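[1] make a model of this:
(2 chains)
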Amino acid sequence: MLPSEIEPSMPEPDHRFANLRGVRWRVNLGVLPSKLLPSMIFAKQPPNLAEDSTWGRFFRNAELEKTLDQDLSRLYPEHWRYFQAPGCQGMLRRILLLWCLKHPEYGYRQGMHELLAPLLYVLHVDVERLSEVRKTYEDHFTDKFDGLSFEERDITYNFDFKKLLEDFADDEVGGIHGSSKKVVSLDELDPEIKSIVMLSDAYGAEGELGIVLSDKFMEHDAYCMFDALMSGSNGCVSMAGFFAYSPASGSHTGLPPVLEACTAFYNLLSFVDSSLHSHLVELGVEPQYFGLRWLRVLFGREFLLQDLLVVWDEIFSADNTARRDEDDNSTTSHSFMIFDSPRGALISGCSYAEEEKQNPSAPPPKKKASWFKVKRLFRAESEPTHSAKTESKAGLASVARNLLEDFNKQVVSEPEEANIVEAVNNEDSSVANRVDVVNNEDSEEANREEVVNNEDGSVQETEEASREDVLDNEDGSVQETEERNVDFASAGEESIATVEETSSDVFSDPNSPLRHSNSIENDSDSSTRSILFANEKVEDQETSAVDSPLPVSSQPSIEFPLVQSNDEENTTDLDKSVAVSKERNKAFPGKFQWFWKFGRNLTGEETRSNGVESSKSDLVSSSESHSSQQASSSSSKGETDQNVMNTLKNLGNSMLEHIQVMESVFQQERGQVQAGLVENISKANLVEKGQVTATTALKELRKISNLLLEM
Amino acid sequence: MGAYRAEDDYDYLFKVVLTGDSGVGKSNLLSRFTRNDFSNDSRATIGVEFATRSIQCDDKIVKAQIWDTAGQERYRAITSAYYRGAVGALLVYDVTRHVTFENVERWLKELRDHTDANIVIMLVGNKADLRHLRAISTEDAKGFAERENTFFMETSALEALNVENAFTEVLTEIYRVVSKKALEAGDDPTTALPKGQTINVGGRDDISAVKKPGCCSA
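    Sure, this is the predicted structure:
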């Protein structure tokens, strides 16, 4: 639409755009508004952008497309040959555009494009696989039924992705080279290849015209996958929710899903590694600083694409349906929807370490072990894309939900304040046990993945190397945490410069996770870094500080919950039916706030005195606190009424005397017992005597207190 | 923010936020300033990223903690946390894309809604190296900055033009405001927190796209 092509002075709509049938039809069909004036189109500010106006829609869509293009052009720069190819960009663009227009409540938000891209990519890989098979076993692909060939390709949708895929390692596509032996019947084929043949057949696996593997339907399939992923198919985890600003229906927290999930993650962390959790809370690091990115692109920024696919293998294979049926009696056992499904729990438990595969150069065998360790430490310094599983990973998967359920049950069944401490301790030990279980699961997971890779035909050397290294550590299971322990041990022992450098850097950062660069000059190595990475540093440091002498590194410290629950008792008056997970969350900001007031606010004496008093009352024994409270009340009354000052003083004195009597009696008693194993009878007498004296003294005390009250 | 002071030596820690539309080059400004690095194909920022760098003002070491967030949408999930405690802001637009300049007003409003009145704001026209594609004249932007009482500078993260100056000028001004505040607080202890007291930070004569020596050793 050029200005010159649109006739501005045409009065009657029917005659406008005579030479622009496309424009005219759009006007006629209501796609463009009938009052189409050039000044409106080419004005800087479109005149009518009311929500429902056709023009408003027109410009909003244009804006949406622009935003899409801008993000798509920056998609996976490291794989630009594939993702930046016009055909691929076109597909991604159309899919996103369609989805966003169909879901105006979400629209397009940055990150969606990175959820879609891997989906399209895996479809491409499958189809590529098909074409390889087709080349080798051409006979089985001839459709003799009606001569319709489904190999026809839609010109507009077609692009030669095959060449572009060469960017990726061979095992991604799956090597079937070298098996070009002629096979006569379908049954003689390898089961996998057979299934490929069937899936690409119009009358095969899915029945009539149900072609599963076809590049013709790739775009359609990718859209369906994307839509299912975003909507969550009525499951618990809906990725679209992570882009929403309003709380999901049925949410107990009233937070937007992404914030709720982040909070859930922090709660999980508080069970698995309470010291790290409290450290982050004290620093004011909110979980959404890093959690937002983890969730919105489903860890896409923490892993390289090849690893991400494996992570998503696990996430997608986990069931996404809610598990509410188990405990009907306690429907509100926890407030985090994300824990309701195994998939959600898996996501919230973060993920697995698979970045080892990425190392392109396999080091010589002798140096493997040390190289491995160095790399691990070094990567922490240099690679921001490194995943953040670390600590959070220790609380993986099924643990998340069970943990919270158990915890809530314990709290409900033991409502006494004193028991909470115990409950917390019990919980911690069970956490420790579970962590073991999880670690075992992890090793299973690792094994499974190896199987997958074997299916693909080639396991990368480096991956083997890393596995061997783990075996070198005299432990068959692949355990993130243990590996890290080894790392720190090695950091202490080995004199490799890099190790020393990195580890010292890690250790010299005791307080601030946001510390990146100390120097005045640019610190090119470590200045720009994501919070995620900063966290990891903290995690490393925490673990090393707390756990390095222990065999199981992710075991939480026991003292901490004790202190914590004391704080709860002191600072907040808690409703015991509330899940402790929530209480913990509250307790920390409360404590922090208190310190803040203490330090900063001169008028905050009230808070301070309250805090001191409550802590005192917990510390002293019951009888003593009783009297001291009386004393304090008497003194306060004395201040208010100056006239009875002297009387009060006298009363106070007599009270003190009585108390002294009490004390001396009890001391006598104790002294007798200690002095020499007195006979039972005399001891009983003494005790009786003492009791009489004590009761009289107490009576006097009561009288005094009555008098004081009367004043 | 200085309550948890790390071992490294600094006298002041200032939180500075980067705002502006998607694709104007916020992340590259950040990497240029903190790492002297530029990437032609950086991905869109998801969520928040951080970086720090220390500079010297007078005899004090000022550490800038710079927050970089995604520009396409206002990340409401973290908006309050994002702006909380910010004492400086670089509001970035792309000199080749007029729409990014049009949206500056919106960003400015959000900034002022969520931050302290004393915040030091600089309007930054990035991608100044793309001279043949320029859509917003320096004069227009300068005029806008004067009206809105903000600093202004045109930069190029690609050519490392004015990036250093932009950050250091903002940091220096924050330092000035803070030390002035501290002085006032020292004179009159009853007003420990002079909130709501606007300090005019945008002196009109200060606004300049030209390199000028500040008090900071860059």
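
[2] pull the helix or strand with minimum mean pLDDT from chain A.
    helix A:368-382 (a mean of 32; mean pLDDT, DSSP states H and E).

[3] what are the ranges of the helices in the stretch 201-350 of chain A?
    Along the stretch 201-350 of chain A, the segments classed as helices by DSSP state H, counting those that start in this stretch run A:218-231, A:257-272, A:274-283, A:288-296, A:305-317, A:342-348.

[4] tell me which strands and helices the helix or strand where B:Lys180 lies is in contact with?
    Per DSSP states H and E: B:Lys180 is located in helix B:163-187. With contacts defined as 3 or more C-beta pairs under 8 Å, 6 or more residues apart in numbering or on different chains; DSSP states H and E, the packing partners of helix B:163-187 are strand B:12-20, helix B:26-35, strand B:48-57, strand B:60-69, strand B:88-94, strand B:120-126, strand B:151-154, strand B:216-217. Every residue, glycine included, has its C-beta placed from N, CA and C.

[5] distance from the chain centre to the helix or strand following the fifth one, please.
    Read in the C-terminal direction, the helix or strand following strand B:88-94 is helix B:98-102, with elements assigned using DSSP H and E. For helix B:98-102, the gap between its own C-alpha mean and the chain's C-alpha mean amounts to 18 Å (C-alpha atoms, centre = their mean, to the nearest Å).

[6] what do you get for stretch B:24-42?
    14 Å.

[7] now stretch B:145-165
    Distance, centroid of stretch B:145-165 to centroid of chain: 9 Å (C-alpha atoms, centre = their mean).

[8] dump the helices of the stretch 201-350 of chain A into TSV; add mean pLDDT as well.
    Below are those laid out as TSV (pLDDT from 0 to 100):
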stretch	mean pLDDT
helix A:218-231	90
helix A:257-272	83
helix A:274-283	87
helix A:288-296	85
helix A:305-317	86
helix A:342-348	63
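
[9] which one of the ones you listed lies closest to B:Ser137?
    Nearest of the helices of the stretch 201-350 of chain A to B:Ser137, taken as C-beta to C-beta: helix A:288-296 at 36.8 Å.

[10] so is the closest one next to chain B?
    Yes: Helix A:288-296 is in contact with chain B by C-beta under 8 Å from any C-beta of the partner chain, via A:Gln288, A:Tyr289, A:Phe290, A:Leu292, A:Arg293, A:Arg296.

[11] tell me what angle that helix forms with strand B:48-57.
    For helix A:288-296 against strand B:48-57, the angle by axes from the mean of the first three to the mean of the last three C-alpha atoms, to 10 degrees is 150 degrees.

[12] list the buried ones in helix A:288-296?
    Using 16 or more other C-beta atoms under 10 Å in any protein chain shown as the test for burial, helix A:288-296 gives A:Gln288, A:Tyr289, A:Phe290, A:Gly291, A:Leu292, A:Arg293, A:Trp294, A:Leu295, A:Arg296.

[13] go on, stretch B:154-170?
    B:154-158, B:161-170.

[14] closest one of those residues to A:Ile193?
    A:Ile193 lies nearest to B:Leu158 out of the buried residues of stretch B:154-170, by C-beta to C-beta, at 50.4 Å.

[15] SS state for the closest one?
    coil (DSSP: H, G, I helix; E, B strand; the rest coil).

[16] and it, what's its pLDDT?
    B:Leu158 is assigned 95 on the pLDDT scale.

[17] chain neighbours aside, what residue packs nearest to it?
    Excluding the flanking residues, the one nearest B:Leu158 by C-beta to C-beta, 6 or more residues apart in numbering or on different chains is B:Asp129, at 5.1 Å.

[18] so where's the chain uncertain?
    Going with chain A. Low-confidence segments of chain A (pLDDT under 70): A:1-16, A:33-52, A:139-189, A:192, A:196-211, A:322-698, A:701-702, A:704-711.

[19] right idea, wrong chain: chain B
    In chain B (pLDDT under 70), the answer is B:1-8, B:72-78, B:185-218.

[20] please identify the deepest-packed of the helices and strands packed on helix B:163-187.
    Among these, strand B:120-126 has the highest mean neighbour count (mean count of other C-beta atoms under 10 Å in any protein chain shown), at a mean of 28.

[21] report the angle between it and strand B:12-20.
    Interaxial angle, strand B:120-126 versus strand B:12-20 (the same axes, to 10 degrees): 50 degrees.

[22] any part of strand B:120-126 near chain A?
    No: for strand B:120-126, no contact with chain A is found by C-beta under 8 Å from any C-beta; the gap never falls below 14.8 Å.
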